[in-house]
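[1] output the structure for:
(chains A, B, C and D)
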Amino acid sequence: MFKKVLVANRGEIAVRILRACRELGIESVAVFSEADRNALHVRYADEAYLLGPAPSRESYLRADKIIDIARKCSADAIHPGYGFLAEREAFAAACIDAGITFIGPKPSAIAAMGDKMTARNTVIAAGVPVVPGTEGTGSLRDEELLALAPKIGFPLLIKASAGGGGKGMREVTSLEEMPALLGSARREAESAFGDGNVYLEKLVEGARHIEIQILADQHGNVISLGERDCSIQRRHQKLIEEAPSPAMDEDLRRKMGEVAVKAAQSVDYVNAGTIEFLVDKDKNFYFLEMNTRLQVEHPVTEVVTGIDIVAEQMRIARGRQLTYKQEDIQLRGHAIECRINAEDPYNGFLPSTGRITHSLLPTGPGIRVDTGVYPGFEITPFYDPMIAKLIVWGETRGQAILRMRRALEEYRIVGVRTNIPFHQSMMDSHRFMGGQYDTRFIEERFSMPEPEEGSMTHRPEIAAAFATLVAHYEAQHSAEFVMRNERDTSNWKWVGRWERMHR
Amino acid sequence: MFKKVLVANRGEIAVRILRACRELGIESVAVFSEADRNALHVRYADEAYLLGPAPSRESYLRADKIIDIARKCSADAIHPGYGFLAEREAFAAACIDAGITFIGPKPSAIAAMGDKMTARNTVIAAGVPVVPGTEGTGSLRDEELLALAPKIGFPLLIKASAGGGGKGMREVTSLEEMPALLGSARREAESAFGDGNVYLEKLVEGARHIEIQILADQHGNVISLGERDCSIQRRHQKLIEEAPSPAMDEDLRRKMGEVAVKAAQSVDYVNAGTIEFLVDKDKNFYFLEMNTRLQVEHPVTEVVTGIDIVAEQMRIARGRQLTYKQEDIQLRGHAIECRINAEDPYNGFLPSTGRITHSLLPTGPGIRVDTGVYPGFEITPFYDPMIAKLIVWGETRGQAILRMRRALEEYRIVGVRTNIPFHQSMMDSHRFMGGQYDTRFIEERFSMPEPEEGSMTHRPEIAAAFATLVAHYEAQHSAEFVMRNERDTSNWKWVGRWERMHR
Amino acid sequence: MKYITTIGDTEYTVEVIDERHISINDKVMEVDFESINGQPVYSMLIDGKSYEAYVYAGEEEWQVLLLGRQYPVKVEDEREKRLKSAGGGKVQEGVEFHLKSPMPGLVVAVAVEENQKVEKGQVLVILESMKMQNELKAPRAGTVQRIKVKPGESVEQRQTLLSVV
Amino acid sequence: MKYITTIGDTEYTVEVIDERHISINDKVMEVDFESINGQPVYSMLIDGKSYEAYVYAGEEEWQVLLLGRQYPVKVEDEREKRLKSAGGGKVQEGVEFHLKSPMPGLVVAVAVEENQKVEKGQVLVILESMKMQNELKAPRAGTVQRIKVKPGESVEQRQTLLSVV
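    This is a model prediction of the structure:
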């Protein structure tokens, strides 16, 4: 096994990987920005080196510095986690050039899957279904598009070749209305991107985002570990993931698993990876993209399969055969993950920064928390707002939902706002409970509830009592408080470095 | 299901039961002593009622008050947890008389298993092996004992009928030395207890403490959930438990399971219970006693079977059939539990009290923590010193040990001393790693290690650096600190109830 | 002490009778109220029911997070409130609104110009923080005044970005 | 500042050179030392290695809990130590030992009488706390004096139980 692994990341995923190192008896190296001196990954690692100032481009994106540190401290491998440098072909290549194992796929596989067009054409060649459309066939004229449209089928989308963000996008339900819509789409695309080219794509209705976790070793073995349903998204950010998906059956799981393996093989994939699909209401599925790295939501798969994916990544990178064969993979029970973000669900999900002054983790049966924060730690605006992942296991999906409710209720974080109330509302949503949701669920069908009469959790008179008692005692003692605070402040001034140390 | 359950306990087990209530949609009621107003079980319950002053006999042992509260708040069942009133026949009977379901066995079963002699004779009648000996056959003369000794076999123990604590106890290895030892044993027993009667008992060498968890419903179904190995004890207090036992095989597990079921049936047992056995090095096993309640160490069984024992207790008490049949029970992987006690392993395991000022729970894959404390909570001398249970799961025993090491290293509790360093030493012990231990392991073969040269965890120069830096900065700033503290103190005096509230 | 406590359109008369009793709309209840560990997290046993809430001061109201829901709560001393309503009418109407940055971040875009009329809910500024773009909206209709930031500028928490009069 | 820091029989010369450097036995190392969250838990990066320790003041020495082991550490200012050894001999020898209760509890038994000679390690008092019986032992040989408690009595933490002279 490796002697020493450098973890080129921060936050919960750095901690997750450090834990795997510790359990495998591998020495671990953390890197950190100036904002992260007291972060958990620095505390837990065997060694820790400063990268630079807080902004990512001056710290966690400094591939050169990271490789330099790895070389100086004799790390024999680098785990990139997710985000930052995880899917940069050049970084993977630079590791190899420096004689350091990159714990992930080959640079060529990252490159092939990183370019949307190449990925699409590669998997099509391997017989993997993609969302039907004209992307990749070059710039077509209106007549050509109108001729192709019936083959794709309605409803479909007109999309701008040059852009994104909905600019130049039109939904088309019939051939009759299409010419007019093509015109307006081209005009909008032209004005937004200076390029009026458009392509057609089938509109997948009631789509679920289902992804298949795969593991591939250097000896040609590739297996799938079942699916994760990540349809609960807000602004294309996943918020809740579960395994297995309530929309899947054993047959579809097997079929999609086989296709995922094919997609991985088409780029000679090695290590852990994820194939993302859209699945429509008739259980047709379409390749979206491949994430050539560990996913945020890998724990739900770990919990239902019993497999430690990160440990397996290290074994694969070391050249070992996969520990498991396809027939060893059995899903047991049900897992749900809620991403706990520092953002205020009552205020447009605005990110919230500040010091966590108090925190109480949910624990007990069937609960796992992956987090990089702790009471006293400061949430800064420099990195993404996810501060923890709350994962539960239950014998059934129903038990898992009830357990998640219990865990969310127990979880206390004081000092920053979190989206825990959002998750609580989701777990109370009848459609979520019934497994009836698609990727547009949050935008179209969900809003933070106004307190409603008759609900079990609606207790305005109790809220009134809380606020009144707090106001009452604060008013009663405000004079003393003012005086005390004044003195305290002057005292604090005397104290220099010691206080800084004791922040 | 029940509408409302009162939990007649405190600490981690009260929290554990409240969690089960929450997950089953049952309203929950906590009871608490004056010392426990801010305890976690009070915070987590739907309702909470004061029992009385801190000492147990004025609070958690007040059966009358508890039943009165249950009646007034219309609880339809009481869960006693372990300890306190859990194995008091009279309490179970009083619940029934008050029309409240006691979540546990019938009073008659508690009584039968609570009296050592009755229990022994009952299970012997059911064909359950007990430690061979003459206990229960009345007072025998020396000649009779000498005649029986060879049938029991050597080595054996002479024990005082009236007493315990080793007084009047003698180990006998041959018939020749027995007459003299009988004389001295009788003299010592006479002087210690005023009763010179003695009995013989086979000395079980290299004994392991193995217990079988059973579940029994009201319809005559009884199943066993496999064993727990609880041989790691100090002064008869269990400290580490694991499932499965490294000393067991499938055949022995099945045999002991069947015997455990028989023992339970012999007293018409209903609900969760545990049969404790001694197992000698030749895999002979002997009934010790039955615990007619939930055990502290039930989580290791939950983790390897996937069964929520507390939820199942509630279903059984409600009159449901067992959810599982014997053939559904499969052990998956390996679980270990370390009991985290507030005691100082470097100072004779003296209990440690005080306020927990900081705490960081180990989390991540395969970790479960059951605890009733949190940062800010005060550990008082009134109740037992166990403040948390740390449970890990691994695919193999080896992985579980490595994971436990990792978790122990992550666990931070500041404010009270804990036995975490003891557990760390145990996880490093080669005999524990090899599964080579018996009930006398801690007393005979284990001591807290002196820091040794050459060990990976021996870093005296680093310890020297830590102490020097702390001393250095403290000395540098002591003047300021004194002044600051003086002012603070005077400020604090002004503030009355508000401060008390904010303790 | 008697308070008029308002949630949405509902007024509650809450009296703090003594340390162990309050009344809500004249219904007397036994109460045991404690802060947890010096934090704005409070445990309240009220006629036996156990509740825990996170209570913090908002801009004008108390925010109470209870059982996964948030309640903006206005608490007024009864006497004070009586005086105020004697003074008549709503206080502080038409006062300037200062858009403050809710967090440190980078101004991506200013979606309005000075003297532009805006509707309630209209996007004023787009701010990037934690890798997310966040739209800051007008809480009421009015006219934009004194824009103090430009796209590309870094801002501190609570820094005033512009005003709506 | 130079210190003589002693663990067991080993002396280390530790110099705090500046905020970023110390030397141990004249070997200079880069150090980054921080307290975690105002607690007596410290994180130290020393020549890149990351360590965390719980450091608290014991009776006479610092107690350092590091990597699951506890080190009693004596830290002396080098100058102070030089002065002391110039003064010669061990300080405070033969001073009285006051047995103090390490925790609140109930005295179960007093195992000695006044004026009784005791050996090092001999049990003096048995104290019950947290449902456990705990033996309090003599840290050195001597004669028992001034027994201040009786069996059945409750005692507070740090209350003096008896003395050994």
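
[2] which strands and helices lie in contact with the helix or strand of chain C with the lowest mean pLDDT?
    Between all helices and strands in chain C, the lowest mean by mean pLDDT, DSSP states H and E belongs to helix C:78-87, at a mean of 72. Helix C:78-87 sits against strand C:2-7, with contacts defined as 3 or more C-beta pairs under 8 Å, 6 or more residues apart in numbering or on different chains; DSSP states H and E. Where C-beta positions appear, they are placed from N, C-alpha and C, glycine not excepted.

[3] which other helices and strands does the strand it packs on contact?
    Against strand C:2-7 (3+ C-beta pairs under 8 Å, 6+ apart) you get helix A:460-494, strand C:10-18, strand C:69-77, helix C:78-87.

[4] re earlier: tell me the angle the least confident helix or strand of chain C makes with strand C:2-7.
    Put simply, helix C:78-87 runs at 70 degrees to strand C:2-7, going by axes from the mean of the first three to the mean of the last three C-alpha atoms, to 10 degrees.

[5] based on its surroundings, how many neighbours for residue A:177?
    13 (other C-beta atoms under 10 Å in any protein chain shown).

[6] may I see the buried residues of the host helix or strand of residue C:56?
    If you go by DSSP states H and E, residue C:56 is part of strand C:49-57. Using 16 or more other C-beta atoms under 10 Å in any protein chain shown as the test for burial, strand C:49-57 gives C:49-55.

[7] where does chain C come near chain B, residue by residue?
    C:19, C:32-39, C:43, C:45, C:48-50, C:52 (C-beta under 8 Å from any C-beta of the partner chain).

[8] among the residues you listed, which two are most distant?
    For these, the farthest-apart pair by C-beta to C-beta is C:38 and C:48; their separation is 25.6 Å.

[9] neighbour count for the two, which is higher?
    Neighbour count, other C-beta under 10 Å: between residue C:38 and residue C:48, residue C:48 has more, with 17 against 13.

[10] surely that one meets residue B:50?
    No - assessed by C-beta atoms under 8 Å, residue C:48 is found out of contact with residue B:50, at 9.8 Å.

[11] got the domain boundaries for chain C?
    Taking automatic domain parsing as the domain assignment, the ranges for chain C are C:2-77, C:88-164.

[12] number of residues surrounding the closest residue to residue A:247 other than its chain neighbours?
    In space, and not counting its chain neighbours, residue A:247 is closest to residue A:208: 5.4 Å by C-beta to C-beta, 6 or more residues apart in numbering or on different chains. The number of residues packed near residue A:208 is 26, by other C-beta under 10 Å.

[13] in the stretch 301-450 of chain A, which residue sits closest to chain D?
    Of all residues in the stretch 301-450 of chain A, the one sitting closest to chain D is residue A:376 (2.8 Å; C-beta to the nearest C-beta).

[14] neighbours of residue C:147, how many?
    18.

[15] which residues touch stretch C:14-32?
    Residues from elsewhere that reach stretch C:14-32 (C-beta atoms under 8 Å, 6 or more residues apart in numbering or on different chains): A:461, A:464-465, A:468-469, A:472, B:37, B:497, C:1-5, C:12-13, C:44-48, C:75.

[16] can you read off the pLDDT for residue A:133?
    Residue A:133 carries a pLDDT value of 87.

[17] residues in the stretch 351-500 of chain A within reach of chain C, list them.
    Counting by C-beta under 8 Å from any C-beta, the stretch 351-500 of chain A sits next to chain C at A:351-353, A:357-358, A:380-385, A:408-409, A:412, A:414, A:420-421, A:424-425, A:428, A:449, A:451, A:457-472, A:475.

[18] can you go through the residues you listed and name the buried ones?
    A:351-353, A:357-358, A:380-385, A:408-409, A:412, A:414, A:420-421, A:424-425, A:428, A:449, A:451, A:458-472.

[19] what about the residue in chain C that chain B sits nearest to, how many neighbours?
    The nearest approach of chain C to chain B comes at residue C:37, 2.8 Å away (C-beta to the nearest C-beta). Counted with other C-beta under 10 Å, residues neighbouring residue C:37 total 21.

[20] name the nearest residue to residue C:75, sequence neighbours excluded.
    The spatially closest residue to residue C:75, leaving aside those adjacent along the chain, is residue A:471, at 4.1 Å (C-beta to C-beta, 6+ apart).

[21] which neighbouring elements make contact with the helix or strand following the least confident helix or strand of chain C?
    Later in the chain than helix C:78-87, the nearest helix or strand by DSSP H and E is strand C:97-100. Strand C:97-100 sits against strand C:160-164, with contacts defined as 3+ C-beta pairs under 8 Å, 6+ apart.

[22] please see if the strand it packs on touches chain A.
    No - using C-beta under 8 Å from any C-beta, we find that strand C:160-164 stays clear of chain A, coming within 13.7 Å at best.
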